[in-house]
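Enquirer: Sequence and predicted structure below; questions after.
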Amino acid sequence: MSLAIKQPLSNTINNRAIPAANEPHGDVGREAIAAMRKMLGKTSAASQFDKLPAQQRALVLFGARLKPSEYLNRPLLSLSTNEREAVRQSLIALTDLGRAFSNMPLSRAQFISPRQTAIATQAVTQAVAPQPTNHIDDELRLISKQARELMSELDNDNKH
């Protein structure tokens with residue numbers, strides 16, 4: 001009978017520590033996907049950008065001040081560093097914009113309410129319509145109205 005000393009079970013694989021089940025650690029799935037993306041050379045943001053529908057990608061490119069007609073079908077990683085930075089800034093701005101409207105209803109009634117439209121039209125009409133400032137303005141308006149009525153009567157007489 002030999003007295004061989006057994007090596008304790010190691011908590012490593014290929015000299016890499018494995019966290020115990022009760023130790024806090026990150027999301028293993030996300031870390032694995034990030035490692036695969038790193039090996040493939042493509043980030044999750046680039047992958048997501050490349051999957052966007054044409055209309056959404058055009059909005060992002062427009063916000064980045066890049067011509068959608070020129071860049072629409074190009075993958076993100078084919079853009080220059082400055083262009084990718086502009087796309088990143090555009091996405092940040094659009095995300096902020098989305099947050100600003102995320103907690104409110106965006107129904108048609110919020111934008112096109114008959115009552116609100118009538119009130120706005122009335123306010124614009126009152127702001128645009130000149131208000132009489134003195135007696136001379138009132139007399140000029142009366143004379144203009146009478147002139148239009150006379151012209152209308154003359155046109156009517158000429159037709160008959």
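Expert: Nice, I can see it.
Enquirer: Look at P105 and give its secondary structure.
Expert: In terms of secondary structure, P105 is coil; the call rests on DSSP: H, G, I helix; E, B strand; the rest coil.
Enquirer: mind checking the SS state of N82?
Expert: helix.
Enquirer: where do the strands sit along the protein?
Expert: 12-13, 16-17 (DSSP state E).
Enquirer: quick one: low-confidence parts of the protein?
Expert: 1-26, 37, 41, 114, 116-118, 120, 124-134, 156-160 (pLDDT under 70).
Enquirer: list the helices and strands the longest helix anywhere in it packs on?
Expert: What stands out as the longest helix in the chain, according to DSSP state H, is helix 135-159. Helix 135-159 sits against no helix or strand, with contacts defined as 3 or more C-beta pairs under 8 Å, 6 or more residues apart in numbering; DSSP states H and E. Yep, even glycine has a C-beta here, placed from its N, CA and C like the rest.
Enquirer: in it, what's buried?
Expert: Buried residues in helix 135-159, counted by 16 or more other C-beta atoms under 10 Å: none are found.
Enquirer: Same question for stretch 47-57.
Expert: Those would be 49, 57, for stretch 47-57 by 16+ other C-beta under 10 Å.
Enquirer: May I have that stretch as CSV, with CA atoms only?
Expert: In CSV, the C-alpha atoms belonging to stretch 47-57 read as follows (Å, rounded to 0.1, in the frame of the first residue of the first chain):
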residue,chain,number,x,y,z
SER,A,47,-23.6,44.5,-34.8
GLN,A,48,-26.7,46.3,-33.6
PHE,A,49,-26.1,49.3,-35.9
ASP,A,50,-25.7,47.0,-38.9
LYS,A,51,-29.0,45.3,-38.1
LEU,A,52,-31.0,48.5,-38.0
PRO,A,53,-33.7,49.0,-40.7
ALA,A,54,-32.8,51.5,-43.4
GLN,A,55,-35.1,54.3,-42.0
GLN,A,56,-33.6,54.1,-38.5
ARG,A,57,-30.1,53.9,-39.8
